[in-house]
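>>> Here is a sequence together with a model predicted from it:
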Amino acid sequence: MRAIERLLWSIALPGFGQFLNGKFVKGLTFVFLEFLVNVQANFNEIIILSFHGNIQAAIRQTNYQWLMFYPCLYFFAMWDAYRDAGGGKKAYSYVPFVMMAYFVTVGLIYSSSLQIFGILFGPVWLPMIFVIPGLIVGLSIQKVVSQI
């Protein structure tokens, strides 16, 4: 249960799980990197525009060169906090996190052009949708590789 708590705090803000694990330098590093990428990518503005349904404006505001760092930073911080709290004792427990980071990054790459059912989801919603197949593929790979 402790590991899940750390994981959930890392979802709230990368670095918080590390603080709870007593890894203060690592936590400060993740918080600093999260704020750096967030500000440089205009992420808060993109989130607000996306929640208001203004996807084209969100796409125009996005600094993709910076936002591309976010998925790996985010999912690595989640995995790190989870692992340091004693989670991830199963073999290859990192694989679902890696695959979610990969799929979210792919979703971000195509977020300005890919339409699903004729809907353009943009740089917030499409990457979030891509978490689900990333998790499914990651858990599937973890299961298969663990049995080898």
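Now that the structure is in, tell me what you want to look at.
>>> Tell me which strands the worst-scoring helix or strand of the chain on mean pLDDT pairs with, and in which orientation.
The weakest-scoring helix or strand in the chain, judged by mean pLDDT, DSSP states H and E, is strand 115-116 (a mean of 90). Sheet pairing of strand 115-116 (DSSP bridges) gives strand 119-120 (antiparallel).
>>> Now do the helices in this protein.
2-12, 16-20, 24-41, 43-51, 55-61, 64-67, 70-84, 95-109, 122-129, 131-147 (DSSP state H).
>>> hmm, back to that, so how far is the least confident helix or strand of the chain from its chain's centroid?
Offset of strand 115-116 from its chain centre (Cα atoms, centre = their mean, to the nearest Å): 21 Å.
>>> Show residues contacting that strand.
Strand 115-116 is touched from outside by F121, L126, I129, with contacts defined as Cβ atoms under 8 Å, 6 or more residues apart in numbering. The way it works is simple: take the backbone N, C-alpha and C, and place the C-beta from them, glycine included.
>>> Identify the residue spatially nearest to G107, adjacent ones excluded.
Leaving aside its sequence neighbours, G107 sits nearest to F130 (Cβ to Cβ, 6 or more residues apart in numbering; 3.3 Å).
>>> Touching, that neighbour and V104? I think so.
Yes. Counting by Cβ atoms under 8 Å, V104 is a contact partner of F130 at 5.3 Å.
>>> picking that back up, quick one: which of the contacts of strand 115-116 is most hemmed in?
L126 (25 neighbours; other Cβ atoms under 10 Å).
>>> Contact partners for that residue?
G107, L108, Y110, S111, L114, I116.
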